[in-house]
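Colleague: Make a model of this:
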Amino acid sequence: MRRSPYVVGIALAGALSLTMLAAPATAGSAARATINATAAAVTLPLAGVIIAIDPGHQLGNSNPRFFSLLNKKTFVGGTVPYKICNTTGTATNSGYPEATYNFAVAQDLRAALRALGATVVMTRYTNTWNSYGPCIKIRGQFGLAQHAVLKVSIHADGAASGGHGFFVMEPANIARPCLSRPSSMVTRSRTLGRSIITGMVRAGLTKSTYINNATMISSDQGTLNCSSIPTVIVETLNMRNTSDANLAKSPNGRAKVAKGLLNGIRIYLGR
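Modeller: As a prediction, the model looks like this:
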């Protein structure tokens with residue numbers, strides 16, 4: 001029986017479809033991969049961005065086993081050019097360590113950033129009694145070594161109990177930084193600091209009641225002095241204040257702080 005042109009057309013189209021399905025990878029598949037990557041970048045606004053997170057201190061900094069190592073001094077520049085490797089950090093009045101809090105917030109922030117497509121690198125991936133540091137000089141240089149676009153160092157203050165809220169520490173222009181850095185580093189760190197403040201406020205967190213404008217320009221912090229990428233230290237709350245301590249000890253409170261930091265990073269990046 002003679003087939004109509006219409007039926008022949010259908011058969012030919014089907015054969016072509018089967019051939020395409022069975023064909024090896026071609027320029028067409030490469031184009032589809034590009035389209036998929038582009039779609040992923042649109043869906044994940046932080047795709048392709050490397051962000052450094054520094055959870056301040058380490059639980060083992062309180063371990064006497066490491067005291068001699070922690071007390072070794074190294075050059076970090078600034079107004080106190082030689083400083084010890086690291087310190088124990090503070091704690092709430094009930095004994096909840098700052099190091100543990102910092103790490104928990106960092107974990108929340110890391111998960112949120114990765115969900116948006118970012119590559120996240122951290123100065124430490126554990127919170128353990130059996131380790132110390134990293135030293136502040138290493139923390140400072142870490143972001144550049146990892147090719148990160150910015151670094152946020154997470155801390156909590158141990159100020160007088162009457163004060164509460166967060167503030168941001170930004171690098172100063174210093175004559176002898178421990179690492180060569182572009183002249184724009186300080187300016188860009190200021191922008192990052194303002195972005196973090198805005199992001200924290202948007203998350204419902206309170207600016208410090210004891211640091212003017214929730215901003216401190218510091219020339220004696222090794223983490224800042226030894227960095228050559230935009231970097232800030234965020235004292236996210238005051239662990240000696242009762243309400244702030246309750247925030248620190250609460251999973252929801254820590255998630256709220258992480259949300260504020262995430263907001264600030266996204267504001268800075270414009271993504």
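
Colleague: which of the residues in stretch 214-228 are buried?
Modeller: Buried residues in stretch 214-228, counting neighbours by 16 or more other Cβ atoms under 10 Å, are found at 214-216, 218-228. Glycine gets a C-beta too; all of them are placed from N, C-alpha and C.

Colleague: any idea how far K259 is from the residue nearest in space to the middle of the chain?
Modeller: Averaging the C-alpha coordinates of the chain gives a centre point, and the residue nearest to it by Cα atoms, centre = their mean is I53 (3.2 Å). Here the criterion is Cβ to Cβ, to the nearest Å. By it, I53 lies 14 Å from K259.

Colleague: repeat for V168
Modeller: Plainly put, V168 is 16 Å away from K259 if you go by Cβ to Cβ.

Colleague: swap in F67?
Modeller: Plainly put, F67 is 36 Å away from K259 if you go by Cβ to Cβ.

Colleague: So between those two, which is more surrounded?
Modeller: Neighbours per residue, other Cβ atoms under 10 Å: of F67 and K259, the larger number sits with K259, 19 against 12.

Colleague: Run the chain-centre distance for the helix or strand in which the more buried one is found.
Modeller: Element membership of K259, judged by DSSP states H and E, is helix 251-269. In this view, helix 251-269 has its centroid 10 Å away from the chain centroid, taken as Cα atoms, centre = their mean, to the nearest Å.

Colleague: so what does that helix touch, helix or strand wise?
Modeller: Using 3 or more Cβ pairs under 8 Å, 6 or more residues apart in numbering; DSSP states H and E as the contact criterion, the secondary-structure elements in contact with helix 251-269 are helix 98-115, strand 150-157, helix 184-202, strand 231-238, helix 242-249.

Colleague: Just name the most buried of these.
Modeller: Burial of these is given as mean neighbour count (mean count of other Cβ atoms under 10 Å); strand 231-238 ranks first at a mean of 29.

Colleague: what's it packed up against?
Modeller: strand 150-157, strand 167-171, helix 184-202, helix 222-225, helix 242-249, helix 251-269.

Colleague: Find the residue closest to S227 in space, skipping its chain neighbours.
Modeller: Here the nearest residue to S227 in space, its sequence neighbours aside, is G140; by Cβ to Cβ, 6 or more residues apart in numbering that works out to 4.7 Å.

Colleague: Likewise for T90?
Modeller: Here the nearest residue to T90 in space, its sequence neighbours aside, is G158; by Cβ to Cβ, 6+ apart that works out to 3.0 Å.

Colleague: try A159
Modeller: Counting by Cβ to Cβ, 6+ apart, A159 lies nearest to N238, which is 5.0 Å off, once chain neighbours are set aside.

Colleague: thinking again about what came up before, what's next to the helix holding K259, contact-wise?
Modeller: The contact list for helix 251-269, computed with Cβ atoms under 8 Å, 6 or more residues apart in numbering, reads 45-46, 49, 51, 101, 104-105, 108-109, 112-113, 116, 149-150, 152, 154, 166, 191-192, 195-205, 230, 234, 236-237, 246-248.

Colleague: now swap in stretch 85-102 and tell me
Modeller: Outside of stretch 85-102, the residues within contact range by Cβ under 8 Å, 6+ apart are 55-59, 61-62, 69-74, 127, 132-136, 154-158, 161, 239-240, 242, 245, 248-249, 254.

Colleague: Would you list the buried entries among those?
Modeller: Buried members of these, scored by 16+ other Cβ under 10 Å, are 55-59, 61-62, 70, 74, 127, 132-136, 154-158, 239-240, 245, 248-249, 254.

Colleague: who touches T223 in this structure?
Modeller: Taking Cβ under 8 Å, 6+ apart, one finds D54, I136, R139, G140, S153, T231, I233 in contact with T223.

Colleague: How about T242?
Modeller: So T242 contacts N93, S161 (Cβ under 8 Å, 6+ apart).
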